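K.L.:
Fold the following.
(2 chains)
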Protein chains: 2
Amino acid sequence: MNITIIGTGLIGGSIAMAIRGFSTKIIGVDNNEENLKTALELGIIDHAMDWEQAAMISELIILAIPVDAARALLPKILDVISDDCVVVDMGSTKAGICNNVRNHPRRSQYVASHPMAGTENSGPQAAFADLFKGKKTIVCEQELSSVFALSQAKLLYKIMGMNILYMSPEEHDKHIAYVSHLTHVIAYALSITVLEIEKDEKKIFEMAGSGFDSTVRIAKSSTSMWTPILQQNADYLIASIDKYMETLNNFKTAIQEKNQARLYELIDEANKIRKVLNK
Amino acid sequence: MNITIIGTGLIGGSIAMAIRGFSTKIIGVDNNEENLKTALELGIIDHAMDWEQAAMISELIILAIPVDAARALLPKILDVISDDCVVVDMGSTKAGICNNVRNHPRRSQYVASHPMAGTENSGPQAAFADLFKGKKTIVCEQELSSVFALSQAKLLYKIMGMNILYMSPEEHDKHIAYVSHLTHVIAYALSITVLEIEKDEKKIFEMAGSGFDSTVRIAKSSTSMWTPILQQNADYLIASIDKYMETLNNFKTAIQEKNQARLYELIDEANKIRKVLNK
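P.N.:
Have a look, this model is predicted:
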């Protein structure tokens, strides 16, 4: 079985490592020559090819490139693949890509998904086989995928060690705006704010502790992956930023008005995350 | 040597465990009867006492209670201690407590400090000896402490495994507003925002990943410790919230205006945290 992975970075590379042994051949495709070379050298992929070549000889194509690139490339891939080929994408936004191929004659050969796993690092050198283990993946619009395509995607996620949740692209994009995209914006903004202060206060990072480190960790996440994600989920993300800023303002007002009871109440409310995360 | 630790929670309990073996007797003081009982049962402290009793028979008193309580109690402790007793506080704000005892006749027996270590958990059951190891502590206004008092505090921090930075209370409060207090407000606000959404969208936490978990982790931090901290550092904290909201607004505007170049630039700026944290 030929499997092609388009995008040999953190996600694509980790998938390759997770499914190694289940495929006779893993073909890597990447616009980034350096990533492709590294993935080959590390033995993450067996061959490097252009996407057109690879698409025509593969039974399974995994799309693990930035969401804008995936959205543009998917219809072209569907145009050239054979009848028994399945395409699964890994993008962090789902409405855009789904809407873009809804009426494609080969829509049933595509499975829209989003494995919710990642780190703040990128590139094939950051890849590891256990990245996905025990985590959740979302599959959207499964009713538009063929039974065969869906079974292939399920098998893939089983091998990767993931549990599948099903929802509509809109539900996905709305929820993920809060728990992932907003979270990234928050960390990015904290990073910029403190770096800005550091220009005058050189010693500030000597005072940064583990709380700062963990909150700001994902601010290291790459521009090329995250710029298009935030852009593609603009509407839900802006709604979540607005709600977040309201809450932030509640804290500010309580502190400004020296309203200790209100501040206590807010922190008490925030503490309830302990029960939900259960850790 | 008698050492008294006032406040037998995460910080006080961890100090007791770290200095165990260097003191013949560790006396615990706590308004919270349950914490005191647990600290005794766990062998973290040797004796439980009222603060007045303990203060009179101790050579070293460590104040590890919420910053409002510490600020109120410190002058009373200084009033009753013997000439060879040293008091060190562990509070996360420094200007308030320092200003409050600046003209006390026993000011030289006090060392103002802030060990920058902690977790999102609280109580003696969360304490562990290595909490402080390799981390930094701040000492403020060391020129107002006697040579003897300062040497005792240095010894304490050496045993705890911490490196000392020196700065003024104002410098401390300004810097810590950004790297610790703002960071907590950000996490608290994220927690509340997502919990609020969860009321309608029950499944949202099934979608939370490691990025969300790490950013929101410190939102579990306790009300009793953090309400007075945020309140005592109100001025610097509000300034930091304002700057943070400006940055957040820059993100919102870039996304709203579909200004991908600007969004890329912002994320690129945020990514620079990687070099600073060097992890």
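K.L.:
can you list the residues of the stretch 1-150 of chain A near chain B?
P.N.:
Within the stretch 1-150 of chain A, the positions near chain B by C-beta under 8 Å from any C-beta of the partner chain are A:116-120, A:135-136, A:138. Bear in mind the C-beta positions are built from the backbone N, C-alpha and C, glycine included.
K.L.:
need these in a markdown table with neighbour count, secondary structure and pLDDT, can you?
P.N.:
What follows is the residues of the stretch 1-150 of chain A next to chain B, written out as a markdown table (neighbours: other C-beta atoms under 10 Å in any protein chain shown; DSSP: H, G, I helix; E, B strand; the rest coil; pLDDT from 0 to 100):
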| residue | neighbour count | secondary structure | pLDDT |
| --- | --- | --- | --- |
| A:116 | 22 | coil | 95 |
| A:117 | 23 | coil | 93 |
| A:118 | 23 | coil | 91 |
| A:119 | 18 | coil | 91 |
| A:120 | 22 | coil | 91 |
| A:135 | 17 | coil | 95 |
| A:136 | 18 | strand | 95 |
| A:138 | 23 | strand | 97 |
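K.L.:
For these, which two are the farthest from each other?
P.N.:
Largest separation among those by C-beta to C-beta: A:120 and A:138, giving 20.9 Å.
K.L.:
Kindly tell me how buried residue A:176 is, as a neighbour count.
P.N.:
Counted with other C-beta atoms under 10 Å in any protein chain shown, residues neighbouring residue A:176 total 28.
K.L.:
Other residues contacting the helix or strand hosting it?
P.N.:
Using DSSP states H and E, residue A:176 falls within helix A:169-176. Helix A:169-176 has contacts (C-beta atoms under 8 Å, 6 or more residues apart in numbering or on different chains) with A:92-95, A:98-99, A:112, A:114, A:116, A:138, A:140-141, A:167, A:233, A:236, B:201, B:203-204, B:207.
K.L.:
cool, and stretch A:35-48?
P.N.:
Contacts of stretch A:35-48 (C-beta under 8 Å, 6+ apart): A:5, A:8-9, A:13, A:16-17, A:25-30, A:123-125, A:127.
K.L.:
Would you report which members of the contacts of helix A:169-176 are assigned to helices?
P.N.:
Taking DSSP state H as the definition of helices, the contacts of helix A:169-176 contribute A:95, A:98-99, A:236.
K.L.:
between those, which is closest to residue A:255?
P.N.:
Distances from residue A:255 to the ones in helices among the contacts of helix A:169-176, taken by C-beta to C-beta, are shortest for residue A:236, at 29.2 Å.
K.L.:
what's the neighbour count on residue A:206?
P.N.:
Quick note: residue A:206 (other C-beta under 10 Å) scores 14 neighbours.
K.L.:
can you map out the strands along the stretch 1-150 of chain A?
P.N.:
Using DSSP state E, counting those that start in this stretch, the strands found in the stretch 1-150 of chain A span residues A:2-6, A:25-29, A:47-48, A:60-63, A:86-89, A:110-115, A:136-140.
K.L.:
Okay, now the sheet partners of the longest one, with direction.
P.N.:
Taking DSSP bridges as the criterion, strand A:110-115 forms sheet pairs with strand A:86-89 (parallel), strand A:136-140 (antiparallel).
K.L.:
Following element in sequence after the helix holding residue A:176, please.
P.N.:
Sequence order places helix A:182-198 as the next helix or strand after helix A:169-176, per DSSP H and E.
K.L.:
what's the angle from that following helix to helix A:169-176?
P.N.:
On the basis of axes from the mean of the first three to the mean of the last three C-alpha atoms, to 10 degrees, helix A:182-198 is oriented at 40 degrees to helix A:169-176.
K.L.:
Counting by contacts, list what whichever strand or helix holds residue A:268 packs against.
P.N.:
Secondary structure assignment for residue A:268, by DSSP H and E: helix A:260-271. When contacts are defined as 3 or more C-beta pairs under 8 Å, 6 or more residues apart in numbering or on different chains; DSSP states H and E, helix A:260-271 sits against helix A:234-256, helix B:182-198, helix B:223-232.
K.L.:
Tell me which of these lies nearest to residue A:189.
P.N.:
Nearest to residue A:189 among the helices and strands packed on helix A:260-271 is helix B:182-198 (8.4 Å), distances taken as C-beta to C-beta.
K.L.:
quick check, the closest one touching chain A?
P.N.:
Yes - contact of helix B:182-198 with chain A (C-beta under 8 Å from any C-beta) involves B:182-198.
K.L.:
Averaged pLDDT, the helix or strand just after that helix. What do you get?
P.N.:
The element immediately downstream of helix B:182-198 (helix or strand, assigned by DSSP H and E) is helix B:210-216. Across helix B:210-216, the average pLDDT comes to 89.
K.L.:
same deal with stretch A:38-46?
P.N.:
Rounded mean pLDDT across stretch A:38-46 is 97.
K.L.:
Now do the contacts for residue A:95.
P.N.:
Applying C-beta under 8 Å, 6+ apart, the residues near residue A:95 are A:169-170, A:172-173.
K.L.:
and those residues, which two are the farthest apart?
P.N.:
It's A:170 and A:172 that sit farthest apart of these, by C-beta to C-beta, at 7.1 Å.
K.L.:
Looking from chain B, tell me which residue of the stretch 1-150 of chain A is nearest.
P.N.:
For the stretch 1-150 of chain A and chain B, the shortest gap (C-beta to the nearest C-beta) falls at residue A:116, measuring 4.6 Å.
K.L.:
Export the strands paired with strand A:110-115 to CSV and append columns for distance to residue A:218.
P.N.:
Below are the strands paired with strand A:110-115 laid out as CSV (distance: least, C-beta to C-beta, whole Å):
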stretch, distance to residue A:218
strand A:86-89, 22
strand A:136-140, 18
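K.L.:
Which of those strands has the highest mean neighbour count?
P.N.:
Comparing the strands paired with strand A:110-115 by mean neighbour count (mean count of other C-beta atoms under 10 Å in any protein chain shown), strand A:86-89 comes out on top with a mean of 26.
K.L.:
With only the CA atoms kept, save that strand in CSV.
P.N.:
In CSV, the C-alpha atoms belonging to strand A:86-89 read as follows (Å, rounded to 0.1, in the frame of the first residue of the first chain):
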residue,chain,number,x,y,z
VAL,A,86,-8.8,8.1,0.0
VAL,A,87,-7.7,11.6,1.1
VAL,A,88,-7.7,12.7,4.8
ASP,A,89,-6.8,16.2,5.9
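K.L.:
coming back round to it: list only buried entries from the contacts of helix A:169-176.
P.N.:
Buried members of the contacts of helix A:169-176, scored by 16 or more other C-beta atoms under 10 Å in any protein chain shown, are A:92-95, A:98, A:112, A:114, A:116, A:138, A:140-141, A:167, A:233, A:236, B:204, B:207.
K.L.:
between the residues you listed, which is closest to residue A:75?
P.N.:
Using C-beta to C-beta, the buried ones among the contacts of helix A:169-176 come closest to residue A:75 at residue A:98, 11.8 Å.
K.L.:
Below-threshold pLDDT in chain A: ranges please.
P.N.:
Applying pLDDT under 70 to chain A flags the ranges A:23, A:278-279.
K.L.:
which residue is nearest the middle of it?
P.N.:
residue A:92 (4.1 Å; C-alpha atoms, centre = their mean).
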